[in-house]
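**Student:** sequence plus the predicted model coming up.
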Amino acid sequence: MDGLTLTLEGRPLTYFPAGVPVPAGAGIANFDENEDRALAGHPRLRRVLMRLLPSLPVLYYYLHFSDGTDLHRLDEKVADGTAADEDVRAALLGEAQSVVCPHCAAVIRAIVVDTGHPLFASDRGRRLREHRFRQECPVCGGHLSLYILEVIDAP
Ligand SMILES: [Zn+2]
């Protein structure tokens with residue numbers, strides 16, 4: 001893998017700076033090559049790979065920031081090995097999912113917080129309180145109660 005190593009809360013992750021594609025065919029269970037390429041330079045997202053246990057497959061996640069964290073600066077710090085937990089204090093971990101709007105039934109492809117993940121579990125409440133979410137359906141404008149970080153695609 002061409003990503004960089006980043007350790008958060010003592011857990012090793014593979015971090016992909018802006019513009020660096022996650023290699024296709026690496027056997028990542030939830031990898032979508034088109035989404036990876038489309039979101040590789042996103043101003044509020046960085047892509048990471050993580051294995052929960054040595055016996056489990058690698059999974060693909062997004063670190064999301066809504067507080068204006070300078071992600072190019074973060075890329076530099078990860079590259080030179082100086083990034084620390086404090087640098088991602090505002091981040092939440094999300095996964096791409098298809099969600100259905102309860103008002104108009106539109107199927108929306110979105111990045112949604114993984115609220116059961118061990119990473120950031122110790123202060124997830126604070127992170128969720130401080131984060132800004134996408135709370136309107138992009139199709140009908142109805143309120144969405146999920147923790148939606150970004151909408152990737154909608155009909
Ligand atoms: Zn809707």
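**Tutor:** Perfect, I can see it now. Keep in mind that what you see is a predicted model, and the values were worked out from it rather than measured.

**Student:** residues of the longest strand anywhere in the chain that come out buried?
**Tutor:** If you go by DSSP state E, the chain has its longest strand at strand 92-100. Neighbour counts over strand 92-100 (16 or more other CB atoms under 10 Å) mark Leu92, Leu93, Gly94, Glu95, Ala96, Val99 as buried. For glycine as for every other residue, the C-beta is placed from the backbone atoms N, C-alpha and C.

**Student:** which other helices and strands does that strand contact?
**Tutor:** Contact here means 3 or more CB pairs under 8 Å, 6 or more residues apart in numbering; DSSP states H and E; on that basis strand 92-100 packs against strand 59-64, strand 107-113, helix 124-130, strand 148-153.

**Student:** 7 Å instead, please
**Tutor:** In terms of contact count using 3 or more CB pairs under 7 Å, 6 or more residues apart in numbering; DSSP states H and E, strand 92-100 is assigned the packing partners strand 59-64, strand 107-113, strand 148-153.

**Student:** tell me which of these lies nearest to Arg44.
**Tutor:** Closest to Arg44 of these is strand 59-64 (CB to CB; 5.9 Å).

**Student:** which strands and helices lie in contact with the closest one?
**Tutor:** strand 45-50, strand 92-100.

**Student:** if you set the cut-off to 10 Å instead, what comes out?
**Tutor:** strand 11-16, helix 33-39, strand 45-50, strand 92-100, strand 107-113, strand 148-153 (3 or more CB pairs under 10 Å, 6 or more residues apart in numbering; DSSP states H and E).
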